[in-house]
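> How does the following fold in three dimensions:
(one chain, ligands or ions: 1)
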Amino acid sequence: MNGKTVSVVGLGDMGTALADALLAAGHRVTVWNRTAAKADPLVAKGAIRADTAADAVLASKLVVVCLLDYDSVSQVLGPHTDVLAGRTLVNLTNGTPGQAREMAAWAAEHGADYLDGGIMAVPPMIGKPGAFVLYSGPSGAFETWQPVLDLFGESRYVGDDAGAAALQDLALLSSMYGVIAGSLHALALVRSTGASAREFAPTLSKWLQGVVTWPVEAAERIDTGDYDKDVVSNLSMQSAGFANHFIAAEEQGISAELLLPVHQLMQRRVADGHGHEDFVGVIELLKR
Ligand code: FVH
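Numbers count the residues shown, from 1 in each chain. Coordinates of the predicted model:
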């Protein structure tokens, strides 16, 4: 065992990409997967096959875990608490802040450091420009292993609360799904005329490039709670205009169900007397 030895537990599409990146950088990589055959291509490239998950954990000080969900992580590692001491577990499985905190406490109970991670990339992007991974947990463990973790993509450490990476991961994914949902509506509307999505897509992408700066512009209003200052397009006006989406959808024979919840929130906010404010004030209705 040495500092350059890394174990990867879970060889789905993502785990395989992570192990590949480690092998390509010259690391000694031990791999384990429930379906053992998925390790074959990596073994052909020089990875060492562990017969059990416990053997994989024992093989390295750094153990990268990338499974379907936290239940599978518990099923795989739960029976092997006796081999965790002195290891750093880097769990890149998608989950919630609460699940990450719980797993950090469980790892600490068994003498392991725990870093939680959120991979902001798809498997073919691993190790390539544009990929980044959020990490949270003890800063010392992150600093120790960062040179290895950097092989997956840009490493962004977001704090010592183990749940922070999962929270930011889900925040980023929610924004992505919002953009995709809006774009799906846009493309359904355009396609309803028989026009080509391929022809319209560049116009849509150009429009979205203007929209990507919105969070930065909205951030100050959100932090201060001041939705009144320097309002350019007030909510009443936007809510009235938004109704046209539903009329147009009806005219064109498409469903506007992706947009409906947004309009309902806008209307509630206007009804509560905030029509003169910026759209950003709708965030108040999301607080519980
Ligand atoms: N692929 C992606 O685009 C996204 C990008 C962002 C991050 N996610 C998250 O990464 C985790 C793994 O995703 P994946 O793409 O590798 O997923 P699969 O290819 O479906 O592989 C799943 C692996 O999990 C193993 N597994 C599932 N259940 C169990 C279980 N009960 N016990 C043991 N292992 C289990 C599965 O094993 P097998 O089916 O091959 O035997 C795979 O190794 C995930 O959290 C994404 O949200 C990916």
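
> what bits of this structure have low per-residue confidence?
1-3 (pLDDT under 70).

> Now do the one helix or strand Tyr114 maps to: everything it contacts.
Element membership for Tyr114 (DSSP states H and E) is strand 113-120. Residues outside strand 113-120 that contact it (CB atoms under 8 Å, 6 or more residues apart in numbering) are 14, 66, 87-92, 94-95, 100, 103-104, 107-108, 126, 131-138, 140-142, 145, 149, 152-153, 162-166, 168-170, 172. For the C-beta atoms, the positions are set from N, CA and C on the backbone; glycine is no exception.

> Okay, and the residue of the stretch 151-288 of the chain found nearest the ligand sits in which element?
Evaluated by CB to the nearest ligand atom, the stretch 151-288 of the chain has Asp169 as its residue closest to the ligand, separated by 8.1 Å. Per DSSP H and E, Asp169 falls inside helix 164-191.

> Next, the angle from that helix to strand 113-120.
Angle of helix 164-191 versus strand 113-120, following axes from the mean of the first three to the mean of the last three CA atoms, to 10 degrees, is 10 degrees.

> for helix 164-191, the distance to its chain's centre please.
12 Å (CA atoms, centre = their mean, to the nearest Å).

> Show me what it is packed against.
Applying 3 or more CB pairs under 8 Å, 6 or more residues apart in numbering; DSSP states H and E, one finds that helix 164-191 contacts helix 97-109, strand 113-120, strand 132-136, helix 197-211, helix 235-252.

> neighbouring contacts of the shortest one?
This means strand 132-136. By CB under 8 Å, 6+ apart, strand 132-136 touches 90, 92, 100, 115-121, 142, 149, 152-166, 168-169.

> Which phi and psi values does Val64 adopt?
phi -100, psi 130 (degrees, to the nearest 10).

> Deepest-packed of the helices and strands packed on helix 164-191, please.
strand 113-120 (a mean of 25; mean count of other CB atoms under 10 Å).

> Neighbouring strands - and their directions - for that strand?
The pairing partners recorded for strand 113-120 under DSSP bridges are strand 88-91 (parallel), strand 132-136 (antiparallel).
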